[in-house]
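A.B. asks: I would like to see how this sequence folds:
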Amino acid sequence: MANTDVDAELWQEFHDLVNMTSRELGEWLAVEAADTDVEELQDQAAPAIGRRVLAILAKRRADLTRDDIEVMEQVVATIRDERGEEPEPTAGEAEWRHRLMSIGHDPLKPVGS
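C.D. replies: Model prediction:
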C-alpha cells in the first residue's frame with residue numbers, strides 16, 4: 001500500500017544525494033556482489049539497503065511506502081554523516097567510496113548530478 005506522506009524536502013534531498021543513476025547503481029551492486037565469496041541469488045547478493053535504494057529510484061513519489069521513506073531518511077542521514085552538508089566531489093579511500101556507492105552516492109560525482 002502506497003503512502004504519499006514523503007515531504008518535498010526529503011524527496012529532493014534523497015534524489016540530490018543519491019547521485020548515481022539506477023543503471024549505475026544496479027551495475028555497481030552487481031560488481032560488488034560478484035566480489036563476494038558466498039554464492040547467492042543474483043538479486044539477493046547486493047547489500048539490502050542498496051537494493052532498496054534501487055527499488056525506490058524506480059518508484060514514483062506517490063507509490064512510496066512508509067518503509068521506503070524510512071530507507072530514504074536513513075540514506076540521507078548516512079550520506080550527510082559521511083559527507084557533511086555541502087559535499088564536494090572527493091576521492092577518499094576506496095573502501096569509503098565503495099560503501100557510499102552501495103547506497104547510490106558516488107563521492108567523485110557532484111551532488112545533484
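A.B. asks: from here on, contacts and neighbour counts on C-alpha atoms
C.D. replies: Will do.
A.B. asks: which residues in the chain form helices?
C.D. replies: 8-17, 22-34, 42-45, 48-57, 66-83, 94-101 (DSSP state H).
A.B. asks: which stretches of this structure aren't confidently modelled?
C.D. replies: When residues are selected by pLDDT under 70, those of the chain lie in 1-4, 35-47, 113.
A.B. asks: report how many residues lie close to Val76.
C.D. replies: Neighbours of Val76 under the rule other CA atoms under 10 Å: 22.
A.B. asks: next: Thr90.
C.D. replies: The burial count for Thr90: 13, using other CA under 10 Å.
A.B. asks: does it really touch Pro110, like I thought?
C.D. replies: No. Using CA atoms under 8 Å, Thr90 is not in contact with Pro110, being 9.0 Å away.
A.B. asks: gap between Leu29 and Arg61?
C.D. replies: 23 Å (CA to CA, to the nearest Å).
A.B. asks: and the two? Which one has more around it.
C.D. replies: Per other CA under 10 Å, whichever of Leu29 and Arg61 has more neighbours is Leu29, with 25 against 18.
A.B. asks: any idea how far the more buried one lies from Gly104?
C.D. replies: 9 Å.
A.B. asks: same question for Arg60.
C.D. replies: Where Gly104 is concerned, Arg60 sits at a distance of 17 Å (CA to CA).
A.B. asks: who has more neighbours out of these two?
C.D. replies: Neighbours per residue (other CA under 10 Å) separate Arg60 from Gly104, with Gly104 holding more: 30 against 9.
A.B. asks: count the neighbours of the residue lying closest to that one once chain neighbours are set aside for me.
C.D. replies: Excluding the flanking residues, the one nearest Gly104 by CA to CA, 6 or more residues apart in numbering is Val18, at 4.9 Å. Residues contacting Val18 under the criterion other CA under 10 Å number 26.
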